[in-house]
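Asker: Here is the input, now give the coordinates:
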Amino acid sequence: MTEKNTLSPREEEILKLTAKGLTNREIAQALSISPNTVKVHLSNIFEKTGAASRTEAVLFGMERGILEVPGGGVATEVEGETFFGTIRKYRWIGLAVLVLVLLLGVTFTANVLFPPPEPEAADIEERWQQLAPMPQPRRDMAVVAYDGNIYTAGGEGPDGVSGDVFRYLLEEDRWEALSGKPTPVTEVQAALIGERIYLPGGKLSNGQPTSVLEIYDPRSDSWETGAPLPRSISAYALAAFEGQLYLFGGWDGTQVLSQIYIYDPVEDAWQVGSPMTAARRDASAVALTDKIALTGGRNDRNLFADTLVYFPSRDRRGENPWGNLPDLPEPRHSFGLASIYDSLYVIGGETTRYGSIKHSGIFLTSDGWVSLPTNQEYSDRPIELVSLESLLIIFDPSSTGDTTNLWQYQAFYYSIYIPFVP
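Answerer: Below is the predicted model:
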């Protein structure tokens, strides 16, 4: 292996996590980037180091002192060649086996290999846990997970539209107030790109949507403004995918939209994607490994149960970017949608003129949507949902509007270990 270029700090960081046996998805979660971004960085690492596998890349890192040598220390120069170069002919097999053992310690959760089993009724109480409620009751606020904690911004409470920002510390089960959003809005969504939280649009206190894009940095507890949306929009669906924002549909103050708007934070610019076949608002979107899932929602004439998938790579090539997953068991809007290892979970929501929701919790398996037994009914009210590793965190506004309860659902408990070499 020959060094072609110096690894960037981010590439060194990814190489160190690779040496610990983490999967692409686990590296992505640790660094708050997408799995596809991890793949790009690994390809660059292979190109720069001349490595043909993760094992060779890790060996390169040990030789160059980027990684610690197992047992302590780093590789050193001996008479013009590396220490590893001197001992390779004698210890290559042993060292390769040692590195391979490190890489074989990759954790695969059981539901990655096969769909998660439906929990038994007796198991429900153990899987559900009530957490500390929000300091102030809110609904239709932005919710996002970052660095093991949950952030909320905006929303509407008893005193009207709010700009309050709160952080929930999961390990301590407590809330703390942060710097408020400059523009108070409700019917707003948030997405994490890198280490910044992006909140486009939303509905103002006067009932009209806005085009403002405000960006929150949780490390410095500060706000800045990005390029405004091409039009004022609220009640949209939002997902972050490969370092860009994808905003689907919504309401512009006069009509429900079918447009897709894509924001590039590097260019600080919006562009238009291929529209949906039907205008919709109050739908939900979540990024998966190679696509974005978009499901439910409503417009002036219809309430939707379809689950669409949007492929950004196809849209960039001028191809039809749309596909389908199984429809929801019943149409709904304003519900919570999240993914855990590419498994989709739906909690609660509203049905407008179709009556109460029969399945307040469902998840998608290879056989279609399956009922998820819940600790209570989450029907007929808007639900916010966010995933954190194997947990689902549910924000449930009470029917009286005087509190927003927080619940935790353990999607699965167990992991299995299998040999795996990418």
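Asker: list the contacts for the most centrally placed residue in the chain?
Answerer: Central residue of the chain (C-alpha atoms, centre = their mean): Ala287, 6.3 Å from the mean position. Neighbour list for Ala287: Ser34, Ala239, Ala240, Phe241, Ala293, Ser339 [criterion: C-beta atoms under 8 Å, 6 or more residues apart in numbering]. Yep, even glycine has a C-beta here, placed from its N, CA and C like the rest.
Asker: any idea how far it is from Leu337?
Answerer: Shown here: Ala287 relative to Leu337, a distance of 11 Å by C-beta to C-beta, to the nearest Å.
Asker: any common contacting residues for these two?
Answerer: In contact with both Ala287 and Leu337: Ala293, using C-beta under 8 Å, 6+ apart.
Asker: Work out the gap between stretch 31-49 and the centre of the chain.
Answerer: Chain-centre distance of stretch 31-49: 18 Å, with C-alpha atoms, centre = their mean, to the nearest Å.
Asker: picking up where we left off before, which one among the contacts of Ala287 sits at the bottom for pLDDT?
Answerer: Lowest-confidence member of the contacts of Ala287: Ser34, scoring 71 (pLDDT).
Asker: Nearest residue to that residue in space, please, no chain neighbours.
Answerer: Once flanking residues are discounted, Ser34 sits nearest to Glu242: 5.2 Å by C-beta to C-beta, 6 or more residues apart in numbering.
Asker: Correct me if wrong: that neighbour contacts Val38.
Answerer: No: assessed by C-beta atoms under 8 Å, Glu242 is found out of contact with Val38, at 10.7 Å.
Asker: Tell me how the protein divides into domains.
Answerer: According to automatic domain parsing, the chain comprises the domains 9-105, 115-415.
Asker: quick one on the thing from earlier: could you check how far the residue nearest to Ser34 is from Lys39?
Answerer: Distance from Glu242 to Lys39, by C-beta to C-beta: 10 Å.
Asker: one step back: Glu242 and Val38: who's more crowded?
Answerer: Between Glu242 and Val38, Val38 has the larger neighbour count (other C-beta atoms under 10 Å), namely 23 against 16.
Asker: okay, now Ser32: neighbour count?
Answerer: When neighbours are counted by other C-beta under 10 Å, Ser32 registers 15.
Asker: Let me see the confidence value for Gly94.
Answerer: At Gly94, pLDDT is 54.
Asker: let's number from 782 now, not from 1
Answerer: In the new count, where the first residue is 782, that last one comes out as Gly875.
Asker: For Asp1177, list the residues it contacts.
Answerer: Contacts of Asp1177 by C-beta under 8 Å, 6+ apart are Gly1129, Tyr1159, Arg1162, Ile1164, Thr1185, Asn1186, Leu1187, Trp1188.
Asker: Beta-bridge partners for it, please?
Answerer: Beta-bridge partners for Asp1177, by DSSP bridges, are Asn1186.
Asker: hey, where'd the helices end up in the stretch 1082-1203 of the chain?
Answerer: 1093-1097 (DSSP state H, counting those that start in this stretch).
Asker: just the chain next, same as before
Answerer: Assigned by DSSP state H, the chain shows helices spanning 790-800, 805-812, 816-830, 835-844, 864-885, 891-894, 905-908, 1093-1097.
Asker: Least reliable of the ones you listed by average pLDDT, please.
Answerer: Across the helices of the chain, helix 891-894 has the smallest mean pLDDT, namely a mean of 44.
Asker: And the strands in the stretch 882-1031 of the chain?
Answerer: For the stretch 882-1031 of the chain, the strands defined by DSSP state E, counting those that start in this stretch occupy 888-890, 909-912, 923-927, 930-934, 937-938, 941-942, 946-950, 955-959, 972-974, 977-981, 994-998, 1003-1007, 1018-1022, 1025-1029.
Asker: weakest of these by average pLDDT?
Answerer: Across the strands of the stretch 882-1031 of the chain, the lowest-scoring stretch is strand 888-890, with a mean of 42.
Asker: Let me see the confidence value for the residue nearest to Ser815.
Answerer: 92.
Asker: ok, now the one 10 residues further on?
Answerer: Each residue has a pLDDT score; the one for Asp1033 is 98.
Asker: for Met782, same thing?
Answerer: 42.
Asker: And Glu858, by the same measure?
Answerer: At Glu858, the predicted lDDT confidence score is 38.
Asker: and if you look at Ser986?
Answerer: Reported pLDDT for Ser986: 97.
Asker: Spit out the contact partners of the residue nearest to it when sequence neighbours are not counted.
Answerer: Closest residue to Ser986 apart from its sequence neighbours, by C-beta to C-beta, 6+ apart: Val942 at 4.2 Å. By C-beta under 8 Å, 6+ apart, Val942 lies in contact with Gly935, Gly936, Pro965, Val966, Thr967, Lys984, Leu985, Ser986.
Asker: got it, and Ser1055?
Answerer: Ile1041, Asp1096, Asn1101, Pro1102, Trp1103.
Asker: Top of these by number of neighbours, please.
Answerer: Ile1041 (23 neighbours).
Asker: how close does that one sit to Ile1121?
Answerer: For Ile1041 relative to Ile1121 (C-beta to C-beta), the value is 25 Å.
Asker: ditto for Ile814
Answerer: As for Ile814, its distance to Ile1121 is 18 Å (criterion: C-beta to C-beta).
Asker: isn't Ala926 right up against Leu973?
Answerer: Yes: look at Ala926 against Leu973 with C-beta under 8 Å: they come within range, at 7.3 Å.
Asker: With neighbour numbers in mind, choose between the two.
Answerer: Ala926 (22 against 18).
Asker: May I have the beta-bridge partners of the more buried one?
Answerer: Ile931.
Asker: Using CSV, please lay out the strands of the stretch 882-1031 of the chain together with distance to Trp1051.
Answerer: As requested, those are exported to CSV (distance: least, C-beta to C-beta, whole Å):
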stretch, distance to Trp1051
strand 888-890, 36
strand 909-912, 36
strand 923-927, 18
strand 930-934, 20
strand 937-938, 26
strand 941-942, 24
strand 946-950, 24
strand 955-959, 27
strand 972-974, 14
strand 977-981, 9
strand 994-998, 9
strand 1003-1007, 9
strand 1018-1022, 13
strand 1025-1029, 9
